[in-house]
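A.B. asks: Sequence and predicted structure are below.
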Amino acid sequence: MEFPNRIYTTEEVKKARHLIEQGYKHIFKVEGSLLFRQKTIDAIKLINIAGYYDYLRTYIRLVKEIDGLTQLRQAEATVWANKYTVENSVDAAGVFIQKAFAMEEFLEGKLYYGGMAEKRSCEKRMTFLKALKTKTQDESVREECERILNLWREGSLVY
């Protein structure tokens, strides 16, 4: 069974969910300028270090550079991201995990948008940053994880 090209109808969602339950993983791709691709790959390396790469490719098949606001395109299992999203690789990695979690909730039929859903996806992002902070050997990555986690704790970042 092949993964649906789009995930929009009830049948397409059921098919996607069934394949994921069977262990399906996307062949992860990045589209955009050379600089965007390089910075996104840096973030993906961090996701791998934290042990979340398989989770990411379970729910996201593509990160695509756009001029506009970063967003999850559920029907495409794609994150549309602008160049500013990937500027900081630690933060970008967190964004990608947050979007993967929203995609997971979408496929599970949960309310994947709105206040409570956003809170859950932000908690997933913080859990990821804690894992990365623990697993990385790079002191600058650990410091950046801690800096971002402190911003979240202080309520300085609101998404």
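C.D. replies: Nice, I can see it. Numbers count the residues shown, from 1 in each chain.
A.B. asks: Quick one: list the elements packing against the longest helix anywhere in the chain.
C.D. replies: Longest helix of the chain, by residue count under DSSP state H: helix 115-135. When contacts are defined as 3 or more CB pairs under 8 Å, 6 or more residues apart in numbering; DSSP states H and E, helix 115-135 sits against helix 34-49, helix 89-107, helix 139-154. For every residue, glycine as well, the C-beta is placed using N, CA and C.
A.B. asks: outside of it, which residues touch it?
C.D. replies: 46-47, 49-52, 90, 93-95, 97-99, 101-102, 105, 110-111, 141-142, 145-146, 148-149, 152, 159 (CB atoms under 8 Å, 6 or more residues apart in numbering).
A.B. asks: which one of the helices and strands packed on helix 115-135 lies closest to Leu69?
C.D. replies: helix 89-107 (11.9 Å; CB to CB).
A.B. asks: tell me the contacts of the residue nearest the centre of the chain?
C.D. replies: The residue lying closest to the centre of the chain (CA atoms, centre = their mean) is Phe96, at 2.0 Å. By CB under 8 Å, 6+ apart, Phe96 lies in contact with 43-44, 47, 56, 60, 63, 79.
A.B. asks: I'd like to know which of those is nearest to Ile20.
C.D. replies: Using CB to CB, these come closest to Ile20 at Ile60, 11.7 Å.
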